[in-house]
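> give me a 3D structure for the following:
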Amino acid sequence: MSVITTLELKDRLADLQGQSVTLRGWIRNHRKQKNMGFIDFFDGTCFKNPQVVYDNNIEGFDAIQALRVGSAITVTGTVVPSYKDPTTPEVQASAIILEGDCPEDYPLQPKRHSIEFLREIAYLRPRTRLFQAVFRVRSVASMAIHTYFQERGYVYVHTPLITGNDAEGAGNTFTVTTLDPKAAGQWDKDFFGKQASLAVTGQLEGETFAMAFSRIYTFGPTFRAENSNTKTHAAEFWMIEPEIAFCDLDQLMDVEEDFLKYLVKTVLEKCPDELAFLDTFAAGGKGTSGLVEKLTALADARCARITHDEAITILKAAGRDWQFPPEYGQDTAKEHEKYLTEEYFHGPVFVYNWPRDIKAFYMYQNDDDKTVAAVDLLVPGSGELMGGSQRETRVGKLLERMDTLGISTESLDWYVNLRKFGGCTHAGFGMGFERLLMYLTGIENIRDVIPYARTPMNCEY
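The predicted structure is shown next:
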């Protein structure tokens, strides 16, 4: 019998009942009795893993009883009905071969470990049920992003990770240099002959391709040197950034809503076992947390749309003792986003036409000379999930805004020239992939939805 995976076993369970199969994987738990034993087996291809049962008729019974948690094994046996769950495979072993031993002090013993402890052994945590679920969802969501855009005619563009410009104008960048520290600042002698940094976004370069292919998207790592230790910030994270030609702000909101619902529906469809586990995990093992219910509601919801001024008016009329009182012309806070999504609209909401002075230079300036055609999508339980805008296409307006913010027009002359050489109305948005994953999984810390987190004072592995 050829080797199969646990995924194949699950998918073909009815056909394989009574058949001999061979599996290769690891021991998650090993419960031993006098004349038999039970092995919780996994190979990472499927969340619902088979139980391997053996008795004292198997060759090498004593050696098999000595197998420790974490060991790699090959199992050959007959697929039999499970008395616990007919959808979960069970294998009556006829042979178990040790492929790779594991010592007694293996850190992942069969008990509930804290997430903080698992971060300390991040190279082993993918073997736990929690992170098997999280990173399966990450994989499925990644593929869904590509599928969504590819099926709709978008071109996937790989924008540079090393750049000579700071697109946001925020200055929170990591410098890339080959200079000796004593020569710091002598950029003409550096590798690129100018100051360079890790990219905080691929948007500007993406716009150049949108002006050639009409619809493009980027999906890759970005870097921000924010010295922040919150649960939602990381120095290295992944961003999805589509850019669409001949698209205004209203059309952009249509795309954002359709895209998010597609991702949520895909994960609900393809990861039911993982989400069911994560739902229970987020509730601390006491029932469910409402994760699946939240995602299902979002997939069926209609996103409300309000201007920033309307949002502030709603917040001011709420009669709340806000920690950060809402003000016209100012940014909103987490408590405001929570109220709007969970108490006022009871669902996702777009907030658009934001104050110009708190937004980036490239956003289209509205006729009121106070706001820009920018939009944030707020969702229940997470707050801001996407941020986008219609891009400024008028050269004079763009140059005036760049000058006001002290952004070099010389280094971004190519970006300005896009408006001269056949420019058109266009728009785009960005979504932090890890923020999405936190929403999809119910995991509260960004460090736990990315394989190896890069945060202040932490660059392990």
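> okay, now the residue nearest to residue 369 when sequence neighbours are not counted: neighbour count?
Nearest residue to residue 369 in three dimensions, chain neighbours excluded: residue 356, at 7.9 Å (CB to CB, 6 or more residues apart in numbering). (Each C-beta comes from the backbone N, C-alpha and C, glycine too.) Residue 356: 22 surrounding residues under other CB atoms under 10 Å.
> tell me the residue furthest from the middle of this protein?
In terms of distance from the mean C-alpha position of the chain, residue 57 ranks first, at 48.0 Å (CA atoms, centre = their mean).
> quick check: that one vs residue 94, distance?
9 Å (CB to CB, to the nearest Å).
> likewise for residue 400?
Residue 400 is 78 Å from residue 94, by CB to CB.
> again, but for residue 124
30 Å.
> report the secondary structure state of residue 390.
State at residue 390, reduced to three classes by DSSP: H, G, I helix; E, B strand; the rest coil: strand.
> mind jotting down where the helices sit in the chain?
Assigned by DSSP state H, the helices in the chain fall at 6-11, 13-16, 61-65, 115-120, 129-151, 203-213, 249-270, 272-282, 291-300, 308-316, 334-338, 395-405, 413-420, 433-441.
> now the first one: mean pLDDT?
Pointing back at helix 6-11 there. The pLDDT scores in helix 6-11 average 94.
> may I see the buried residues of it?
Residues 6, 9, 10 are the ones in helix 6-11 that count as buried (16 or more other CB atoms under 10 Å).
> pLDDT below threshold where in the protein?
1, 166-171 (pLDDT under 70).
> show me which strand runs longest in it.
strand 20-32 (DSSP state E).
> next up, the contacts around the closest residue to residue 337 other than its chain neighbours.
Leaving aside its chain neighbours, residue 337 sits nearest to residue 383 (3.9 Å; criterion: CB to CB, 6+ apart). Neighbour list for residue 383: 334, 337, 338, 341 [criterion: CB atoms under 8 Å, 6 or more residues apart in numbering].
> for those, work out which two are farthest apart.
334 and 341 (10.8 Å; CB to CB).
> and the helices of the chain, which is most packed in?
helix 433-441 (a mean of 24; mean count of other CB atoms under 10 Å).
> between helix 249-270 and that helix, find me the angle.
50 degrees (axes from the mean of the first three to the mean of the last three CA atoms, to 10 degrees).
> just how off-centre is helix 433-441 within its chain?
A distance of 4 Å separates the centroid of the chain from that of helix 433-441, by CA atoms, centre = their mean, to the nearest Å.
> quick check: phi and psi on residue 329?
With angles defined as degrees, to the nearest 10, residue 329 sits at phi 80, psi 0.
> list the contacts of it.
If you count contacts by CB under 8 Å, 6+ apart, then residue 329 has 355, 357, 358, 370 around it.
> report the separation between it and residue 353.
12 Å.
> also residue 114?
According to CB to CB, residue 114 and residue 353 sit 44 Å apart.
> the more surrounded of the two?
residue 353 (20 against 8).
> then stretch 183-193 to CSV, C-alphas only?
Extracted C-alpha coordinates of stretch 183-193, given in CSV (Å, rounded to 0.1, in the frame of the first residue of the first chain):
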residue,chain,number,x,y,z
ALA,A,183,30.4,56.9,7.7
ALA,A,184,26.7,57.1,8.4
GLY,A,185,24.9,59.7,6.3
GLN,A,186,27.4,59.8,3.5
TRP,A,187,24.7,58.4,1.1
ASP,A,188,26.6,59.2,-2.1
LYS,A,189,29.2,56.5,-1.0
ASP,A,190,26.6,53.9,-0.1
PHE,A,191,25.6,50.9,-2.1
PHE,A,192,22.8,52.7,-4.1
GLY,A,193,24.4,56.1,-4.1
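> residues of that stretch that come out buried?
Buried, per 16+ other CB under 10 Å, within stretch 183-193: 187, 190.
> what residues does it touch?
Contact with stretch 183-193 is made by 162, 164, 176, 177, 178, 179, 194, 195, 196, as judged by CB under 8 Å, 6+ apart.
> and the residues you listed as TSV, adding neighbour count?
As requested, those are exported to TSV (neighbours: other CB atoms under 10 Å):
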residue	neighbour count
162	13
164	16
176	18
177	18
178	10
179	14
194	10
195	17
196	21
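> could you dump the residues you listed to JSON lines with distance to residue 62?
As requested, the contacts of stretch 183-193 are exported to JSON lines (distance: CB to CB, whole Å):
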{"residue": "162", "distance to residue 62": "59"}
{"residue": "164", "distance to residue 62": "67"}
{"residue": "176", "distance to residue 62": "59"}
{"residue": "177", "distance to residue 62": "61"}
{"residue": "178", "distance to residue 62": "60"}
{"residue": "179", "distance to residue 62": "64"}
{"residue": "194", "distance to residue 62": "69"}
{"residue": "195", "distance to residue 62": "67"}
{"residue": "196", "distance to residue 62": "63"}
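> out of the residues you listed, who's nearest residue 276?
residue 162 (42.2 Å).
> beta partners of the closest one?
Under DSSP bridges, the beta-bridge partners of residue 162 are residue 198.
> before we move on, back to that, out of the contacts of residue 329, who's nearest residue 110?
Among those, residue 358 lies closest to residue 110 (CB to CB), at 50.7 Å.
> got the contact list for residue 81?
For residue 81, the contact set (CB under 8 Å, 6+ apart) comprises 17, 90.
> what's the answer for residue 307, then?
351, 352, 353, 371.
> kindly report the same for residue 226.
Counted by CB under 8 Å, 6+ apart, residue 226 has contacts 172, 233, 235.
> likewise residue 51?
Neighbours of residue 51 in contact, by CB under 8 Å, 6+ apart: 38, 39, 40, 41, 82, 88, 89, 90, 91.
> can you get me a residue count around residue 320?
14.
> same question, residue 25
21.
> ok, what's across the strand from it?
Counting by DSSP bridges, residue 25 forms beta bridges with residue 73.
> what's the distance between it and residue 139?
Using CB to CB, one obtains 18 Å as the distance from residue 25 to residue 139.
> now residue 439
Taking CB to CB, one finds residue 439 at 16 Å from residue 139.
> hang on, residue 130 packs against residue 282?
No - between residue 130 and residue 282 there is no contact under CB atoms under 8 Å: 10.3 Å.
> of the buried residues of helix 6-11, closest to residue 31?
Distance to residue 31, by CB to CB, is smallest for residue 6 among these, at 18.8 Å.
> residues near the nearest residue to the closest one once chain neighbours are set aside, how many?
Nearest residue to residue 6 in three dimensions, chain neighbours excluded: residue 46, at 4.3 Å (CB to CB, 6+ apart). Applying other CB under 10 Å, we find 20 residues neighbouring residue 46.
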